Structures are given as C-alpha cells and as structure tokens.
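K.L.:
Structural data only, the sequence is not supplied:
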C-alpha cells in the first residue's frame, strides 16, 4: 500500500506533513512520489491564499476521476477555513484538523466516517451535534469497499475546536524530511487576528507546547547530527503567554536552548519563525546575541510601512515600535541579517501608503522580503471589505518593491566578496558541478564541488562574486 502527500503553504504545514507521514508509515504504508501509484492521496492544505486552495480543488477533482478505475482514499488537513471545509466534505473521503491526526488510523479503518471537527464553523456552538450519513466501511488490507459492511447510520459527534488535543499531535514523532535540517513546532494557533489573516480561524487560539518536550526534541536532533533547526509558531515570541506561571517565556526558551548549545560539543544553528513585532522584546534579542548556536538571522514581518495601514491591518504596533526593534537588533547583533513579510495592494492602500512602505525598504535594507499581492480570504475580517486595488496596480507595486529590495541585497552581498564564511551544504546546485549552501544569515551560496558526501555538513568558502539573491565562492576546506 502506497501513499502520496502534497504539502502546500508555510513551514508549519511542512512540519505537520512530517508527522502525517510517520503515522501512515506506522500503519504500513509506503511513500511514493508518483500520485498515480498511491492508494491513499492526501493534501496538507493552506487557506491563507486563494491560489493554494485552487490547487486543492484541481487535485481532488482529478483524484476523484481516478476512483472510476481504482480504489483509493483521499484526505485533506492543514490550515483550512470553515467555508472550505464544508466544500471539502463533499469532495474528500476524510477531512480532519491536524489535532486529530492520532485518530487517522481509525478514520481510515472506518472509511467514510468524516471527522466531525472538520465541520466546525467559527461560530458553531460546541453543543451542536453533527450528523454524518451513509457511512461505508473499508477493508484496509485490500482497500476495497466491503458492501456487506455497509450500514446507513446517523451518528452524532460533538465538534472540536481546531486546537483541541493538539498536545496529542505533538507527541507523534515526525518523519524528518532531511537528515540535517528540521522543524520543531513550539506553538499552535494565533491570538493576533490581523484583518488580512485566516490563521486564527484555521488553527485556533495560541497553545504553547511544553518547553521540556521542545528541548528534548532538539537534543535528539542534535545528537543525530542535525545542523539547522527551526522553531515554528504563528507568533513564536508570544510563546508561553497562554501558560503564564506554569511555562517559561520565549526568551527563556531560547536561553535554555542556548545553554544546551554551550554545553554540547556539537555545532548547530537554531532559527525561529515567525515573531510578531508587538511581542519582540529586548530580552529576546539579547539572548540571540549571547549564544553562538542561536543563528544571527531575524525574520521580522512588517506587512506595511504606513501607520494608518497597520491600524487597518490590526497589527497593534506602529512604525515607531518597529523601528526601535530594528535599531536594537542592529546594535546588539550587527552581523544579523534581517528578513520580513510585506503585503501590497491591501484594501484601500493609497499611493502615499505604498510610498511609505517603499521608504522602509530603503531604510531597513532587508536581506530578504517575502512580498505578497493581497487577496482576500473568506473568514478573515478584510474579506468583508472591497478588494479595490486593481490587479495590475498590485503587480506594479510588487515589482517596484522587489526591484528596490534587489538593490540592497546586491549591495549587501557585494560587501561579502573576499570574506571567508561558514556555510551549510544543502545539495547540488542548478549550476552543474556546484553545490548549494547557505550562510548562518541564510544567504544562498554556491561553490564548485561535486562531492555528495559534503551535503548536510558545514564548509568554509571564500566569496568571489555576488548577485542580488546569492553569492558564489571557492571551497577553503
């Protein structure tokens, strides 16, 4: 029996997918890269942008056609809005929140019983019951429907919140997609309710994972030789705030990791994403500056450079606060690279508001900016507002910001020419005869070498040339 999973969206979905794979392989399934070979087809979906959801609809339409000639099961999980869940119930065999992953084997063995949590809407009362009709049993050994077991029933199951029992999900050991890079989820959900964002409606409210579990997973990874470890959460720097008095803060978690790094004889880099400016305190920056294993790269989403726009986005911080944070980073960690997220074409964005975003691109000289053209998502507050910026205008603003960013990334990378840098080798580069790597600050690098045994290890290169988004060098050791 083979399975094939498509993972869409952010690093959190990739991390979730690793735990899904572990559960399936524990059931005896074998992974395949060819979807046509699979008896079980799944999607880790992302409702954050319409493009991601459109991909899901296209895939499941194709898979359902295959059911005319073969027996297979389809499922969807991940970040899914209530409105999308309702539609998916008619298209997928199984629809469930990631918190119910431990129950997936039972769902598959009782094929046709769709998780009631998948039918929850944000305003549904927990006392409401969901009726699921026409359930069909499955012979899991052969993946063939068993007509004798067909019993139309009416089962009522109380809906769950998306984050309910998330602790059980965290207890599943992931099947890491790499032998040297890994993600550790430290938190699930979001309390910020930015008006453009659907995450609070797809993953629920913030829940912090026990720090002891996080440290144990990190120690396990380091012992196995992992070199790059990323702590994941929707707002990592609000870690622990939901458990005040019983759990440490995010700065405390980083310090605990830093202390372990000092005591360990292993060499590794720890990253985190994504923090929210509202909760980015000086003590977090101070801890990153203090410990060598905490990578000197900060991802600090700004979304817009205009204070009025930030109010409409419900970001709960102004550019004054953001500017203070960047100033502290530059003062305490001058070697740190700075990444950000920006949205262009948000509802009502004026030329002046966009120009203010352009100004901060020039001011902060980001090493990378992930720029998105705004698209409304059902469930998010802004979906009720007019999407009044023409598509062509969004594209033009996107290109202007990108071009401005490329100027600064090129200038920064050119200053690296002649320097000797430590890099982590990730695999073969598109350029034949070269390996691809990245620096501690996550600047992409390549160097001439065809030794596959270097993948997953650190190397030292001397930088010889620079481009806007990468550097090239020669191997020193």
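P.N.:
Nice, thanks for sending it over. Quantities reported herein were computed from a predicted structural model and do not represent experimental measurements. Numbers count the residues shown, from 1 in each chain.
K.L.:
ok, residue 261 to residue 183 distance?
P.N.:
To residue 183, residue 261 is 18 Å away according to Cβ to Cβ, to the nearest Å. From N, CA and C alone the C-beta is placed, and that goes for glycine too.
K.L.:
ignore the last one, residue 464
P.N.:
The gap separating residue 464 from residue 183 is 32 Å, by Cβ to Cβ.
K.L.:
do the same with residue 288
P.N.:
For residue 288 relative to residue 183 (Cβ to Cβ), the value is 18 Å.
K.L.:
What of residue 306?
P.N.:
Distance from residue 306 to residue 183, by Cβ to Cβ: 33 Å.
K.L.:
Same question for residue 388.
P.N.:
Applying Cβ to Cβ, the value for residue 388 to residue 183 is 37 Å.
K.L.:
ok, now residue 356?
P.N.:
Distance, residue 356 to residue 183, using Cβ to Cβ: 34 Å.
K.L.:
likewise residue 348?
P.N.:
For residue 348, the distance to residue 183 equals 36 Å [Cβ to Cβ].
K.L.:
Give the residue from these two that has the larger number of neighbours.
P.N.:
residue 183 (23 against 15; other Cβ atoms under 10 Å).
K.L.:
I'd like to know how far the more buried one sits from residue 336.
P.N.:
Distance from residue 183 to residue 336, counting by Cβ to Cβ: 21 Å.
K.L.:
what about the longest helix along the chain, distance to the chain center?
P.N.:
As assigned by DSSP state H, the longest helix anywhere in the chain is helix 391-414. Distance of helix 391-414 from its chain centroid, counting by Cα atoms, centre = their mean, to the nearest Å, is 23 Å.
K.L.:
Likewise for stretch 246-258?
P.N.:
Computed by Cα atoms, centre = their mean, the chain-centroid distance of stretch 246-258 equals 21 Å.
K.L.:
tell me which residues in that stretch are buried?
P.N.:
For stretch 246-258, the neighbour count (16 or more other Cβ atoms under 10 Å) marks 247-258 as buried.
K.L.:
So which of these sit within strands?
P.N.:
Here DSSP state E is the test, and the buried residues of stretch 246-258 give no hits in strands at all.
K.L.:
in the residues you listed, which two residues are the furthest apart from each other?
P.N.:
Using Cβ to Cβ, the pair of the buried residues of stretch 246-258 lying farthest apart is 247 and 258, separated by 17.6 Å.
K.L.:
can you pull out the helices in the stretch 151-300 of the chain?
P.N.:
Per DSSP state H, counting those that start in this stretch, the stretch 151-300 of the chain carries helices over the ranges 166-170, 199-203, 211-223, 250-263, 282-290.
K.L.:
how's the chain carved up into domains?
P.N.:
The chain is divided into the following domains under automatic domain parsing: 2-157, 166-414, 420-475.
K.L.:
want to try JSON lines for the ones you listed, with mean pLDDT as columns?
P.N.:
Below are the domains of the chain laid out as JSON lines (pLDDT from 0 to 100):
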{"stretch": "domain 2-157", "mean pLDDT": "68"}
{"stretch": "domain 166-414", "mean pLDDT": "93"}
{"stretch": "domain 420-475", "mean pLDDT": "96"}
